[in-house]
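>>> Generate coordinates for the sequence data below:
(one chain, ligands or ions: 2)
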Amino acid sequence: MIKTVNELCEEARAGHYAIGAFNASTLEVTKAILQAAAELKSPVIIETSEGEANFEGYQIFADTVKDLASELAIDVAINLDHGKSLESIKYAIESGYSSVHIDCSKMDRKDNIKLTKQVVEFAHSRGVSVEGELGHVGGSSEVHEGEQPKDGTLTDPKEAAEYIKETGVDVFAGSYGNIHGMYKDAPHLDIERIEKIAKESGIPLSLHGGSGIPDSQIKEAIKAGICKVNVNTELRKAYKESLEKNLRGANAEIVPYKYLPQVINDVKEVVKKKIILFSGL
Ligand code: G3H
Ligand code: ZN
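Ligands and ions are numbered 1, 2, ... in the order given. Predicted coordinates:
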């Protein structure tokens, strides 16, 4: 069944676990994510950034997920991740996404609130839930040398509460020491900040940049109020490594439907480990 990110986050909050939100941009990764969830009998959020959706096709992605979710009998939310404009948000919703994340965290606070409010109005009138962001989560979903969150980008709990009240977003993504991508040095999440934001905001919190965060910190963050964890880089890495391994050698298989199942399997194993970690299964 197709649900909203908000519905799955509220279920997670009530059950004291976090729901995994995984990015896909190919059919193999889409299958890997949904099959992992089905094998663990778990709900899941599957998402594309604008770039991923432009590659795969918004409509193709949403239709494929709907077909597979019904075939596998699992609860799935289809989310636009880091939507940057009202146009892409509208396009995703019209293509059948059940949820959107509007990320104008690089704008000043006033402009961020203005655009987020427009998104909330459009999305809510169509039964679509909205994740908003204040305080910037930097980096990109790739393997990097070394970087830490920049000073002054962490979310202030009071400002988060005001932003949530003014915009009416359903789920909140903050900056609490997390960063997109994988780095030589693991990030240090500010657990107290997560606790304060969860208390002041009253809505489910989302943790971006889930790749490369040590399991112990993920567990603490969920206890502190995180209901959704986004993971992309670790899936991209598994996909590339598996593909390289399966295509290596003079006698390597050349039939895609013969070597791609192994790639799906390798990505699926990463997704399953994350779902187990987030859900405490
Ligand atoms: O929005 C996507 C996520 O925040 C992914 O972050 O690539 O560090 O796992 P990650
Ligand atoms: Zn993110």
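
>>> ok, now which ones touch the residue in the stretch 1-150 of the chain that ligand 1 sits nearest to?
Residue nearest to ligand 1 within the stretch 1-150 of the chain: residue 141 (3.2 Å; C-beta to the nearest ligand atom). In this view, the C-beta of every residue, glycine as well, is placed from N, C-alpha and C. The neighbourhood of residue 141, defined by C-beta atoms under 8 Å, 6 or more residues apart in numbering, consists of 23, 180-181, 211, 232-233, 236.

>>> how about it, secondary structure?
Secondary structure, DSSP: H, G, I helix; E, B strand; the rest coil: residue 141 is strand.

>>> Excluding covalently adjacent residues, which one is nearest to it?
The shortest distance from residue 141 to any non-neighbouring residue, by C-beta to C-beta, 6 or more residues apart in numbering, is to residue 232 (4.1 Å).

>>> what sits against that neighbour?
Contacts here follow C-beta under 8 Å, 6+ apart; on that basis residue 232 touches 22-23, 141, 180, 210-211.

>>> Go ahead and name everything in contact with the lengthiest strand in the chain.
Counting by DSSP state E, the longest strand found in the chain is strand 76-83. Residues outside strand 76-83 that contact it (C-beta under 8 Å, 6+ apart): 1-5, 7-8, 21, 23, 34, 37, 43-50, 52-53, 61-62, 65-66, 69, 88-89, 92, 96-103, 119, 131, 230.

>>> Need the residues that contact the next helix or strand after it.
Where DSSP states H and E defines the elements, the next helix or strand beyond strand 76-83 is helix 86-95. With C-beta under 8 Å, 6+ apart as the test, helix 86-95 has contacts from 50, 53, 58-59, 61-62, 80, 83, 100, 102, 115, 118-119, 122-123, 126, 128.

>>> Of those residues, which belong to helices?
Those of those mapping onto helices are 50, 53, 58-59, 61-62, 115, 118-119, 122-123, per DSSP state H.

>>> residues contacting the single nearest residue of the chain relative to ligand 2?
When scored by C-beta to the ion, the chain has residue 208 as its residue closest to ligand 2, at 3.3 Å. The contact partners of residue 208, taken as C-beta under 8 Å, 6+ apart, are 137, 173, 178, 180, 230.

>>> What parts of this structure come near ligand 1?
With C-beta under 6 Å from any ligand atom as the criterion, the chain comes near ligand 1 at residues 23, 81-82, 141, 180-181, 208-211, 230-233.

>>> In TSV: those, plus secondary structure.
Listed next are those as TSV, based on three-state DSSP:
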residue	secondary structure
23	strand
81	strand
82	strand
141	strand
180	strand
181	strand
208	coil
209	coil
210	coil
211	coil
230	strand
231	strand
232	coil
233	helix
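
>>> would you say residue 66 is within a strand?
No. Residue 66: not assigned to a strand; according to three-state DSSP it is helix.

>>> so what's it closest to, chain neighbours aside?
residue 2 (6.2 Å).

>>> Intersect the contacts of residue 208 with the contacts of ligand 2.
Counting by C-beta under 5 Å from the ion, residue 230 from these sit close to ligand 2.

>>> farthest pair in the contacts of residue 208?
173 and 180 (11.5 Å; C-beta to C-beta).

>>> Do a quick rundown of the strands in the stretch 151-281 of the chain.
For the stretch 151-281 of the chain, applying DSSP state E, counting those that start in this stretch gives strands covering 171-174, 180-182, 205-207, 226-231.

>>> Just the buried positions in the longest one, please.
Using 16 or more other C-beta atoms under 10 Å as the burial criterion, the residues of strand 226-231 that qualify are 226-231.

>>> Kindly report the same for the third one.
Using 16+ other C-beta under 10 Å as the burial criterion, the residues of strand 205-207 that qualify are 205-207.

>>> Mind giving me the packing neighbours of it?
strand 171-174, helix 191-201, strand 226-231 (3 or more C-beta pairs under 8 Å, 6 or more residues apart in numbering; DSSP states H and E).
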